[in-house]
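Engineer: requesting a structural model of the entry that follows:
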Amino acid sequence: MEKADHETEREPTLNGLVETALFVEDLARASVFYENVLGLEKIKASNTGCVFRIAEQRYLLLVSRESARTQNKAPSGDLLPPCALPQHNGRGPGHIAFGVSADALDSWRGRLANHGIEILSEVAWERGARSIYFRDPDGHMIELATAGIWEPV
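Structural biologist: Here you go, the predicted model:
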């Protein structure tokens, strides 16, 4: 009987990626970059970090490296574990890719050029997707990618 009950249980699934965080040295400088260069909407800010809305229920968190190493409190008072492992000290560049439409690639090239951002590489993927790569002020690799990198469109 137990086996039959186990077989009817559904495995839990993920509904999507809600947030991702990047650790930054200078929170004000990073915030200006993500607001002005990428045009993201800042919805919350403190001395430990800030939150940008990417899309509905999708957020980018910028966390100061100092705060990434310490335990913080949620508004409820619950303790949050440090984001960074002590041995890594919150250091090292990360990578994040933002989805863009193929029609917008030229506009993004122009916007990056207007802000003095060097495009490091452009890639044409085997399924037809394209990516533009550049770095933020903390050295994180930022990618603007059209649909189809991982799965056909």
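Engineer: alpha carbons only for contacts and neighbour counts from here, please
Structural biologist: OK.
Engineer: outline the domain layout of this protein.
Structural biologist: 16-91, 93-153 (automatic domain parsing).
Engineer: what separates the first one from the chain centre, distance-wise?
Structural biologist: It stands for domain 16-91. Relative to the centre of its chain, domain 16-91 is centred 9 Å away, using CA atoms, centre = their mean, to the nearest Å.
Engineer: quick one on the thing from earlier: closest one to Thr8 among the domains of the chain?
Structural biologist: In terms of CA to CA, the element of the domains of the chain nearest to Thr8 is domain 16-91, at 24.0 Å.
Engineer: what mean pLDDT would you report for that closest one?
Structural biologist: What domain 16-91 shows for mean pLDDT is 85.
Engineer: distance to Arg10 for the domains of the chain - can I get that in TSV?
Structural biologist: Listed next are the domains of the chain as TSV, based on distance: least, CA to CA, whole Å:
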stretch	distance to Arg10
domain 16-91	18
domain 93-153	25
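Engineer: a markdown table for those domains, including mean neighbour count?
Structural biologist: A markdown table is the format used below for those (neighbours: other CA atoms under 10 Å):
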| stretch | mean neighbour count |
| --- | --- |
| domain 16-91 | 15 |
| domain 93-153 | 15 |
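Engineer: ok so Ala104 is a strand residue?
Structural biologist: No: with DSSP: H, G, I helix; E, B strand; the rest coil as the criterion, Ala104 is located in helix rather than a strand.
Engineer: and the pLDDT for it?
Structural biologist: 94.
Engineer: how close does it get to Asp26?
Structural biologist: According to CA to CA, to the nearest Å, Ala104 and Asp26 sit 30 Å apart.
Engineer: cool, Ile142 as well?
Structural biologist: On the measure of CA to CA, Ile142 and Asp26 end up 17 Å apart.
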